[in-house]
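Participant: predicted model, plus sequence, below.
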Amino acid sequence: MSRLKYLAFSLALVGFVVVAKPIGDYPSIHVSELPDPLRSVWKELKPEMNEMSHCAAAFDSHSDGEKMAFRCSIHIKMSAEGERRAMRYCEEKRVEKDIKMPCKLVEE
């Protein structure tokens with residue numbers, strides 16, 4: 001394999017790993033673990049999202065909407081910034097609603 005092909009393959013592999021895994025050291029939660037109302041919001045927003053988009057959620061109840069926070073950063077050009085914004089927006093809403101659970105990034 002020529003050096004150019006090896007370099008291209010290596011860069012593609014690194015790019016895949018960066019996109020596939022959250023960049024920051026934020027806690028995460030799988031979309032299947034979200035309460036039904038938050039999962040419904042996720043499904044509505046998903047078509048607008050790209051690989052740089054991120055959402056964060058926190059909830060103390062699976063049925064009381066007042067004890068749920070869900071915020072996204074959708075139209076963003078850098079993944080790390082999308083994570084930071086989603087977590088910041090979620091944290092603001094979590095504090096406003098006095099939710100005890102910390103915000104977590106939502107993963108597929």
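Facilitator: Received the coordinates, thanks. Numbering: from 1, shown residues only.
Participant: which SS state does Arg71 fall under?
Facilitator: Classification of Arg71 using DSSP: H, G, I helix; E, B strand; the rest coil returns strand.
Participant: isn't it right up against Ala86?
Facilitator: Yes: assessed by C-beta atoms under 8 Å, Arg71 is found in contact with Ala86 at 5.8 Å. Just so you know, the C-beta spots here come from the backbone N, C-alpha and C atoms, and that holds for glycine as well.
Participant: more crowded one of the two?
Facilitator: Comparing Arg71 with Ala86 by neighbour count (other C-beta atoms under 10 Å), the higher total belongs to Ala86, at 25 against 20.
Participant: helix/strand/coil for the more buried one?
Facilitator: Assignment for Ala86 (three-state DSSP): helix.
Participant: can you check the pLDDT for it?
Facilitator: If you check Ala86, the pLDDT there is 96.
Participant: my read is that it contacts Ala57, right?
Facilitator: No: judged on C-beta under 8 Å, Ala86 makes no contact with Ala57 at a distance of 9.2 Å.
Participant: okay, and the common contacts of those two?
Facilitator: Arg71 (C-beta atoms under 8 Å, 6 or more residues apart in numbering).
Participant: tell me which stretches of the protein form strands.
Facilitator: 28-30, 54-59, 68-73, 104-107 (DSSP state E).
Participant: columns distance to Ala80 and mean pLDDT on top of those, output as TSV?
Facilitator: Formatted as TSV, the strands of the chain follow (distance: least, C-beta to C-beta, whole Å; pLDDT from 0 to 100):
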stretch	distance to Ala80	mean pLDDT
strand 28-30	14	96
strand 54-59	9	96
strand 68-73	11	95
strand 104-107	12	96
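Participant: mind putting the ones you listed in TSV, distance to Val41 included?
Facilitator: Shown next, in TSV, are the strands of the chain (distance: least, C-beta to C-beta, whole Å):
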stretch	distance to Val41
strand 28-30	14
strand 54-59	9
strand 68-73	6
strand 104-107	10
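Participant: and Tyr89, how far from Phe70?
Facilitator: 9 Å (C-beta to C-beta, to the nearest Å).
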